[in-house]
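Peer 1: predicted structure and sequence below. I'll ask about it afterward.
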Amino acid sequence: NIANEVDELAEKLHSCPICKADFQLRSSLLKHICKQHIPKSMLCCPICQKKFSQKNGLVQHLQAHIGTRPYSCVICGKSFVQKNHLKRHELMHTGKHPFSCGVCSKTFSLKHHLTRHTFTHSESHPFRCQVCRKKFTAESTLHQHVGTHSTETERDKNERPFSCRVCNKAFVLKHHLSRH
């Protein structure tokens, strides 16, 4: 049916967040934004106004806005905007855990995971759940926790933005969808 084909094509288009022009390829959208919305004399994101000292930094930043993640892990399929983020991620698959907590001796494959973990030993838990009053050391952990209080029908797309194309089950985190 022609109407369904048109709807499918429309879903595949990528819209410019500034002028709403549509493109079939994300790479075409990225080129459009760079040529049409960024003055040559300024390295400023036209979407969020973040400033950059080099053009390649701005281009990578724009890729995050439009969802382009050209670097994929061959082991688990997770994709990244920057190559160095992929390289850091790949360390997780080596089985090596060179970073160790000085308090409990728990080990981590990535330094930033150790840094995040050290907050669990802190007395400070500034983020509190408004439903059950449980406290958290990180805002991201609180946001994940809050989703446990709502029922399937109450959850909106912003809380669970990653949906399975087969069964429509929605997830808070992209890697939960990948695991599913």
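Peer 2: That came through fine.
Peer 1: run through this protein and note the low-pLDDT ranges.
Peer 2: 1-12, 38-42, 149-159 (pLDDT under 70).
Peer 1: the chain: helices as residue ranges?
Peer 2: Here the chain has its helices, by DSSP state H, at 2-12, 26-37, 55-66, 83-90, 111-118, 139-146, 174-179.
Peer 1: export those helices to a markdown table and append columns for mean neighbour count and distance to residue 104.
Peer 2: (Glycine included, C-beta is placed from N, CA and C.) Putting these into a markdown table (neighbours: other Cβ atoms under 10 Å; distance: least, Cβ to Cβ, whole Å) gives the following:
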| stretch | mean neighbour count | distance to residue 104 |
| --- | --- | --- |
| helix 2-12 | 9 | 48 |
| helix 26-37 | 16 | 43 |
| helix 55-66 | 17 | 34 |
| helix 83-90 | 14 | 23 |
| helix 111-118 | 14 | 9 |
| helix 139-146 | 14 | 17 |
| helix 174-179 | 12 | 24 |
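Peer 1: what's next to stretch 77-87, contact-wise?
Peer 2: For stretch 77-87, contacts defined as Cβ atoms under 8 Å, 6 or more residues apart in numbering pick out 60, 63-64, 68-73, 89, 174-175, 178.
Peer 1: please report how far the spatially closest residue to residue 51 that is not a sequence neighbour lies from residue 69.
Peer 2: Using Cβ to Cβ, 6 or more residues apart in numbering and skipping residues adjacent in sequence, the residue nearest residue 51 is residue 44, 5.1 Å away. For residue 44, the distance to residue 69 (Cβ to Cβ, to the nearest Å) stands at 23 Å.
Peer 1: check residue 30 too.
Peer 2: Distance, residue 30 to residue 69, by Cβ to Cβ: 12 Å.
Peer 1: in contact with the residue nearest to residue 51, which residues?
Peer 2: Shown in contact with residue 44 (Cβ under 8 Å, 6+ apart): 38, 50-52, 58.
Peer 1: inside strands: which ones of those residues?
Peer 2: Judged by DSSP state E, the subset of these located in strands is empty.
Peer 1: most neighbours among the residues you listed, which one?
Peer 2: Compared across the contacts of residue 44, residue 58 has the highest neighbour count, 21 neighbours, by other Cβ atoms under 10 Å.
Peer 1: that residue touches residue 45, doesn't it?
Peer 2: Yes. Taking Cβ atoms under 8 Å as the contact criterion, residue 58 and residue 45 are neighbours in contact, 6.4 Å apart.
Peer 1: now for those two: what residues contact both?
Peer 2: Common contacts of residue 58 and residue 45, defined by Cβ under 8 Å, 6+ apart, comprise residue 52.
Peer 1: stretch 16-28: end-to-end distance?
Peer 2: The first and last residues of stretch 16-28 sit 10 Å apart, counting by Cα to Cα, to the nearest Å.
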